[in-house]
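# this one's structure only:
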């Protein structure tokens, strides 16, 4: 296991609406909980947490320093202020290094598809993370998806193509499609689609399709 990202936290005895004024001092309220442990209220520094979150996300282990204790945690849930967009509360989940955990691992898409670049296809990504199960020490940081594998419209990247160790179980069917390239619509398909849209509009209550006047109707 690579060296853990560390984050300092302080015990918090302020709860409820009183925490609001402390947010102005760059303190973010947090709670830590886990299997068979009592929850604990904490403070983390806003800037320090942002730095750690940019590296760890919600899938990498963090070493949380609370006083003299060093605890292995995952970022379990975030809340954001609806006005500023800043993190307003953090949930940390303390893991048992001897017990398996389930968490989502992000997908990083790299490279370029020839089916898109040369043939005008449309890249379709069906997911941006996959759920895995393993011991905390074996959690992968991310899965890298090479889009250059999508050279034709028939090619697909599936869960079976993910490279991982035997210690990591991916909780999705192997044939689940992660990414593919759809062929561009032909002119005939576009014309048919336009006709369908026009037909659907005339079916809406109160909408009457305009018809060019005939010589008979002009009389």
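Done, it's in. Just so it is clear, the structure is predicted and the values come from calculations on it, not from any experiment.

# all strands for the protein, in order.
Taking DSSP state E as the criterion, the chain carries its strands at 5-11, 27-34, 37-45, 62-66, 69-80, 87-94, 101-110, 122-125, 129-134, 143-146, 156-158, 169-170, 177-182.

# need the ones you listed in JSON lines (columns: mean pLDDT).
Shown next, in JSON lines, are these (pLDDT from 0 to 100):
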{"stretch": "strand 5-11", "mean pLDDT": "95"}
{"stretch": "strand 27-34", "mean pLDDT": "95"}
{"stretch": "strand 37-45", "mean pLDDT": "93"}
{"stretch": "strand 62-66", "mean pLDDT": "95"}
{"stretch": "strand 69-80", "mean pLDDT": "93"}
{"stretch": "strand 87-94", "mean pLDDT": "95"}
{"stretch": "strand 101-110", "mean pLDDT": "95"}
{"stretch": "strand 122-125", "mean pLDDT": "96"}
{"stretch": "strand 129-134", "mean pLDDT": "96"}
{"stretch": "strand 143-146", "mean pLDDT": "96"}
{"stretch": "strand 156-158", "mean pLDDT": "97"}
{"stretch": "strand 169-170", "mean pLDDT": "97"}
{"stretch": "strand 177-182", "mean pLDDT": "96"}
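
# mind listing what the nearest residue in space to residue 155 that is not next to it in sequence touches?
Nearest residue to residue 155, sequence neighbours excluded (C-beta to C-beta, 6 or more residues apart in numbering): residue 149, at 6.3 Å. C-beta coordinates here come from the backbone N, C-alpha and C atoms, glycine included. Neighbour list for residue 149: 111, 113, 155, 157, 161 [criterion: C-beta atoms under 8 Å, 6 or more residues apart in numbering].

# would a markdown table of the residues you listed with distance to residue 40 be doable?
Listed next are the contacts of residue 149 as a markdown table, based on distance: C-beta to C-beta, whole Å:
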| residue | distance to residue 40 |
| --- | --- |
| 111 | 44 |
| 113 | 47 |
| 155 | 49 |
| 157 | 42 |
| 161 | 41 |
